[in-house]
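Engineer: here are the coordinates; sequence isn't available:
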């Protein structure tokens, strides 16, 4: 091999006598050289270099601060007792101040009047028809292009039967049909795999909702009987809404957040 | 069928004789069926029952007060009122009798003193089992002992470095354990106010609850269990000052720990489960899964009895120098009387607005699921006789449930803010609840008479800010309450 001659030489003859000193001095020079480079570079190269350097500086600051804290850890015991003492049952609970509670109540009433709902992802990029559908050619000479195949993930209910193929305008491929979703409970921070019951609303259009197309931001209905939630009167809750948080056609699974 | 016109017809009057059968709450029959008048009052029924019990067992206690129930309805004034007169002709009436506590606790009406002293909010308050001492823990990292005869501060104990979250008296009343937000537990002597031993530190996060081993299992009160946010429960040997056992298994913070009378530990946690452990080797016996959100509180039907230790309710406390074996024996008698040969019942209250009733010693399926609250359940307490259950919730109401079956009995409405804690009086007739609206309210359960919405008997205002802790002394004389306004208030009749 070509590249081992340097190492071989080092093994056989060792290094120069002043190698370590030269190494040390070269490294000592690096700080000065780097700052000179930062000062004299221009243009795109300067931008990139400065970006790298900033990142390094930030990291260095963090490590220095961590070392400082490690050295002064003894002093943590002498810290003052903080204010705002709460009993055990109120720890880890968000406690709203009373003024905030009133203003929240007013805001809630206004929102309900306006008909807006509280969802985790309020604004979603609409998927255009060109993105969601692909034109399929049909007919004896493959000239007719009135059929569309859905390229996004869909949900079809149980007992769904296709329309006769001759009249079917929208084709939902079985490979993109999903029955379960990974739903996260926002307060418990636990994720469960729950069966889908249906698509409630796709933010792009009602056509997508009726086709059952699931994209990011779609509100779906899931079967939560496994979670054991109960209503006030004691009946078991078995369906709840959740909002999809990923792009299922890219990931291969539907991730959603439960709307509590 | 009876005609509805009330003539001078003896059949429609209250002199009709009906066939009754007295049954105890556990289902045992007191004797053969008897004839009784339809118009008999509670006193008449008691006399009849006493007569039957003399025949059965040969001796009876004249002083015992009974409550009678026909078909779940309480006999408040007379049998005729409680029973539907039309259908009683041929039927055998089963009357369930419940012995009530002999002594009566008087309702508290006035605040006798406001005890300033803490420089931050009072987070917990507890009377000792013999009602001689009162201790409180607060956000200024101090534990204070108060002199009850003069209602003045007695000792101030500094040793913690963060808020004192929970305090627990040992069942013999000789020591107090307090735990802080930094995870340290200190033991104090109430007579001198000095710390006993060194602080017990092993938890990495704050301690959420403390539970001593009951006196009838452990006459020296050696073992103490502490539950913490770091998902472990540690059993401490308090005499040596070391860790005896670390019980880990929960996946999230453990919010409550209770030591059962048969040496089982019950722990409720934020991972939505309640687990049952054997205290001697720390092995997991059962996992009780039902809740859909954090489990906030636990309560055992024999809680009050085990808290009292060797002090029998209504009777004078044992002398201070009594030997340990005698205390242990008395504690055992109190415990057996509270248990009445039934398995212990456990109730868990959760953030999913429901409570669940279990018999954790025998079954891992719940006995009942108690729904009805509109907000999370913060505190649950069994009445001292174990027949009733009170749950305090953030929906400003307290609900009463039957302690054995879990059936809903009544809603106590009156608070205008979240209800934080409830405390029962020693005779199970009165209940006091503390709330974020800075008032305490007193409810009379004994005189409820089957109504399902109750109003408070007494309103106890006076606090300036939210009331975080409330406790009723075991001798029934005083109620202590403390909260965000840094004052501890004592209430009496």
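Structural biologist: That came in fine, so what should we check first? The shown structure was predicted, so the numbers you read here are calculated from the model rather than taken from an experiment. Numbers count the residues shown, from 1 in each chain, chains lettered A, B, ... in the order given.

Engineer: Residue numbers of the stretch 51-200 of chain A in contact with chain B?
Structural biologist: Within reach of chain B by CB under 8 Å from any CB of the partner chain, the stretch 51-200 of chain A has these residues: A:77, A:81-89, A:91-92, A:187-188. From N, CA and C alone the C-beta is placed, and that goes for glycine too.

Engineer: The residue in chain A positioned nearest to chain B: helix or strand, and which one exactly?
Structural biologist: Across chain A, no residue is closer to chain B than residue A:85, which sits at 2.1 Å (CB to the nearest CB). For residue A:85, there is no host helix or strand (DSSP states H and E).

Engineer: and the residue lying closest to it once chain neighbours are set aside, how many neighbours does it have?
Structural biologist: Counting by CB to CB, 6 or more residues apart in numbering or on different chains, residue A:85 lies nearest to residue B:139, which is 2.1 Å off, once chain neighbours are set aside. Residue crowding around residue B:139 was assessed by other CB atoms under 10 Å in any protein chain shown; the count is 26.

Engineer: coming back round to it: report pLDDT for the residue of chain A closest to chain B.
Structural biologist: Residue A:85 is assigned a pLDDT of 90 by the prediction.

Engineer: contacting residues for it?
Structural biologist: Residue A:85 is in contact with B:120, B:121, B:123, B:138, B:139, B:140, B:163, counting by CB atoms under 8 Å, 6 or more residues apart in numbering or on different chains.

Engineer: so how far is residue A:93 from the last one?
Structural biologist: Looking back up the chat, that one is residue B:163. 15 Å (CB to CB, to the nearest Å).

Engineer: Compare these two and say which is more crowded by neighbours.
Structural biologist: Between residue B:163 and residue A:93, residue B:163 has the larger neighbour count (other CB under 10 Å), namely 28 against 12.

Engineer: Please report how far the residue of chain A closest to chain B lies from residue B:165.
Structural biologist: Distance, residue A:85 to residue B:165, using CB to CB: 9 Å.

Engineer: repeat for residue B:431
Structural biologist: Taken as CB to CB, the span from residue B:431 to residue B:165 is 24 Å.

Engineer: ok, now residue A:179?
Structural biologist: Counting by CB to CB, the gap from residue A:179 to residue B:165 is 47 Å.

Engineer: just residue A:121 next, same as before
Structural biologist: 38 Å.

Engineer: now do residue B:408
Structural biologist: Taking CB to CB as the criterion, residue B:408 is separated from residue B:165 by 32 Å.

Engineer: neighbour-wise, which of these two wins?
Structural biologist: residue B:165 (27 against 16).

Engineer: Whichever strand or helix holds that one packs against which elements?
Structural biologist: Using DSSP H and E, residue B:165 sits in strand B:164-169. Packing partners of strand B:164-169 (3 or more CB pairs under 8 Å, 6 or more residues apart in numbering or on different chains; DSSP states H and E): strand B:122-127, strand B:133-138, strand B:142-147, strand B:176-180, strand B:207-212.

Engineer: and residue 49, what are its phi and psi?
Structural biologist: All of this is about chain A. Residue A:49 adopts backbone torsions of phi -60, psi -40, taken as degrees, to the nearest 10.

Engineer: switch to chain B, that's the one I care about
Structural biologist: phi -60, psi -40.

Engineer: what about stretch B:282-291, near chain A?
Structural biologist: Yes. Counting by CB under 8 Å from any CB, chain A is contacted by stretch B:282-291 at B:290, B:291.

Engineer: Centre of the chain to the lowest-mean-pLDDT helix or strand in chain B, how far?
Structural biologist: In chain B, no helix or strand scores lower on mean pLDDT, DSSP states H and E than helix B:79-82, which sits at a mean of 73. Taking CA atoms, centre = their mean, to the nearest Å, one finds the center of helix B:79-82 at 31 Å from the center of the full chain.

Engineer: again, but for stretch A:64-71
Structural biologist: Averaging C-alpha positions (CA atoms, centre = their mean) puts stretch A:64-71 32 Å from its chain's average.

Engineer: Show the end-to-end separation of stretch A:248-258, please.
Structural biologist: End-to-end distance of stretch A:248-258 (CA to CA, to the nearest Å): 16 Å.

Engineer: For it, give the mean pLDDT please.
Structural biologist: Averaged over stretch A:248-258, pLDDT sits at 93.

Engineer: next one: stretch B:135-144
Structural biologist: 94.

Engineer: Centre of the chain to that stretch, how far?
Structural biologist: Here stretch B:135-144 is found 23 Å from its chain centre; the criterion is CA atoms, centre = their mean.

Engineer: tell me how far the ends of that stretch are from each other?
Structural biologist: 6 Å.

Engineer: give me the element residue A:54 is part of.
Structural biologist: According to DSSP H and E, residue A:54 maps onto helix A:43-71.

Engineer: list the buried ones in the helix or strand following that helix?
Structural biologist: Of the helices and strands lying after helix A:43-71 in sequence (DSSP H and E), the nearest is helix A:98-114. For helix A:98-114, a neighbour-count test (16 or more other CB atoms under 10 Å in any protein chain shown) marks nothing as buried.

Engineer: what's helix A:98-114 packed up against?
Structural biologist: Taking 3+ CB pairs under 8 Å, 6+ apart as contact, there are no helices or strands that helix A:98-114 lies on.
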